[in-house]
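Undergrad: coords please:
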Amino acid sequence: MKKKPSAKNKKNTLSITFKLYYIVMIACYLYLGSACIYKYIKYDSLDKCILELVLILTLSLIIEYVHIIGDNGREIRKKLSKKKNKSERVKRYIGECFIFALIVTTLIFIGIASNRINVNFYNFSMETYGTISIVIVLLTLLVFFDIFVVGLILNYTISERLVKKQK
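TA: Just a heads-up that it's a prediction; the model follows:
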C-alpha cells in the first residue's frame, strides 16, 4: 500500500524548489549583468551586449510568469471577480501595467542605445530644456508614463469586461 505524500512534504519540496529557482535566477542575472558590463567596457558599444540585455529582459518575464503560476494563474481573474472590493482589482491592474511599461520602455531605450531607433537629443536640448541628460531623463519618464497609461486603460477595460462576464 502506497502512502500519500503529506501536505507538509509537498510544501517542503515546493519551498526547496523555489529556493533553488531563485538561486539559479540570481546566478543568471549576475552572469548576464557582468558579461554585459564587460562587453560594454571592452567594445564601447551596446551592440555587442544586446543578447545579454534581451536575456535579462526574458528572465524578468520568466520570473513574472512563475509568480503567476505560483498564484494559480488560471484562477486569477475568477478570484478577482469574487472579491467585492474593486480596489484590489485596480491594484492588480496597476502592477501588471507597471511591469509592461517597464519592459517596453527598456526595449525602446535598448533600441535607441544601439542606434536601431534614431532620436536626435540635440534638437530637443538646444530648443527646450538645456542639457542632454535632462532631455533623456524626461523622455524616459514620458515614454514610461504614456505606455503605462495606455496599458492601464486597455487592461482595465478588457479585464473588467471579463470580470462582468464571469459574474
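Undergrad: What score does residue 80 have for pLDDT?
TA: At residue 80, the model reports a pLDDT of 59.
Undergrad: With the one 4 residues further on instead?
TA: Model confidence at residue 84, expressed as pLDDT, equals 54.
Undergrad: does residue 117 sit in a helix, a strand or a coil?
TA: Assigned state for residue 117: coil (three-state reduction, DSSP: H, G, I helix; E, B strand; the rest coil).
Undergrad: which residue sits closest to it, ignoring its sequence neighbours?
TA: Spatial nearest neighbour of residue 117, chain neighbours left out: residue 111 (4.0 Å); criterion: Cβ to Cβ, 6 or more residues apart in numbering. C-beta: built from backbone N, CA, C; applies to glycine.
Undergrad: tell me which element that neighbour falls in.
TA: With secondary structure defined by DSSP states H and E, residue 111 is part of helix 86-113.
Undergrad: and the next element down the chain from that helix?
TA: Read in the C-terminal direction, the helix or strand following helix 86-113 is helix 121-124, with elements assigned using DSSP H and E.
Undergrad: List phi and psi for residue 120.
TA: For residue 120, the backbone dihedrals (degrees, to the nearest 10) come out as phi -90, psi 100.
Undergrad: Would you mind measuring from it to residue 112?
TA: According to Cβ to Cβ, to the nearest Å, residue 120 stands 11 Å off from residue 112.
Undergrad: Which pLDDT value goes with residue 64?
TA: What the model reports for residue 64 is a pLDDT of 68.
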